[in-house]
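[1] Need a 3D model of the sequence below.
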Amino acid sequence: MRIRVFGWVARRRVAVLAVALLVAVVFEALRQISGDDHFMRSLLTFVLPMMLLLAVGLAARSFRPAKLVARPGLPAFDASADPGTILASAAFTFLVVHQLGELMTDIVAYPAELWFLMIFGVLNICMLIPFWRAGLGRIGVRLRPDGIIDRQLCGSLFVPWEALALPHPAFAYKPQQVTLLLADPGLVRKRGLRAGSPASIPALGVNAELLARAIHEYAHRPELRPAIGSEAELARFMAIPQVNALVERVPAAS
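    Presented below is the predicted three-dimensional model:
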């Protein structure tokens, strides 16, 4: 049941974050109007964020669907959106909205310090933007005709197919991590503040075994790489007996 719930969160990430923002604004407004500075404050800054963060932990342990998403327009095969990232963004939204509400109260009480308080407000919004960018964007691994790209919040890693070592280019090291074996690390390109080793990519929103199997397939068969991103090629890959067996034993996300 919870796998389906997390699958819904991944598919409806815009709605989830919009509802989180609306609920946070309404609760903060009620707090301001009612003058209840204890219960509503606890709800906004502890109860609701903690519930969402507990859900983040559950998502990290259980949401690893054995499927990829075809993106013909890119072209690429994507992992599903990660519900843990979306729920973490929702949790942080409650904290930031409450902080902004506090700043508005201070602005009314201390108008002489308007610009000073507004700076803190802008800083809070700037901290929220990366979380929403992660929740709404496509953070994670993408397979393209030219290679593998791992997109993180502050950077990315690009591994061309030619950089991988054969005959075993990748394996599922952990449930949420795939290790790459590199024949030519000099071909790997790193941008920004991408964390972690170039030989390690996270399996967020996808089963690590499936991701490793897909990397193995296209590392060994360069003639199939131009078709990456198409629905037909994804159907062909998913129909491989070993992949099909993996899909059958992994709980469905939807």
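
[2] so how far is residue 138 from the most centrally placed residue in the chain?
    The chain has residue 82 as the residue nearest its centroid, 4.0 Å off, counting by CA atoms, centre = their mean. In this view, residue 82 and residue 138 are 9 Å apart by CB to CB, to the nearest Å. All C-beta spots, glycine's among them, are computed from the backbone N, C-alpha and C.

[3] so what's in contact with these two at the same time?
    Common neighbours of residue 82 and residue 138 are not found (criterion: CB atoms under 8 Å, 6 or more residues apart in numbering).

[4] For the stretch 151-254 of the chain, which residues score under the pLDDT cut-off?
    Scanning the stretch 151-254 of the chain for pLDDT under 70 picks out 251-254.

[5] residue boundaries of the strands in it?
    155-160, 170-174, 177-180, 189-192, 200-202 (DSSP state E, counting those that start in this stretch).

[6] Quick one: those as a markdown table, columns for distance to residue 147 and mean neighbour count too.
    Output for the strands of the stretch 151-254 of the chain, formatted as a markdown table (distance: least, CB to CB, whole Å; neighbours: other CB atoms under 10 Å):
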| stretch | distance to residue 147 | mean neighbour count |
| --- | --- | --- |
| strand 155-160 | 4 | 20 |
| strand 170-174 | 12 | 16 |
| strand 177-180 | 11 | 21 |
| strand 189-192 | 9 | 14 |
| strand 200-202 | 12 | 21 |
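
[7] now for these, which one comes closest to residue 49?
    Minimum separation from residue 49 across the strands of the stretch 151-254 of the chain (CB to CB) falls at strand 200-202, 23.4 Å.

[8] Just the residues contacting the closest one, thanks.
    140-141, 148, 150, 157, 159, 173, 176-180, 196, 211.

[9] and that strand, how far from the chain's centre?
    For strand 200-202, the separation from the chain centroid amounts to 13 Å (computed by CA atoms, centre = their mean, to the nearest Å).

[10] again, but for stretch 133-149
    10 Å.
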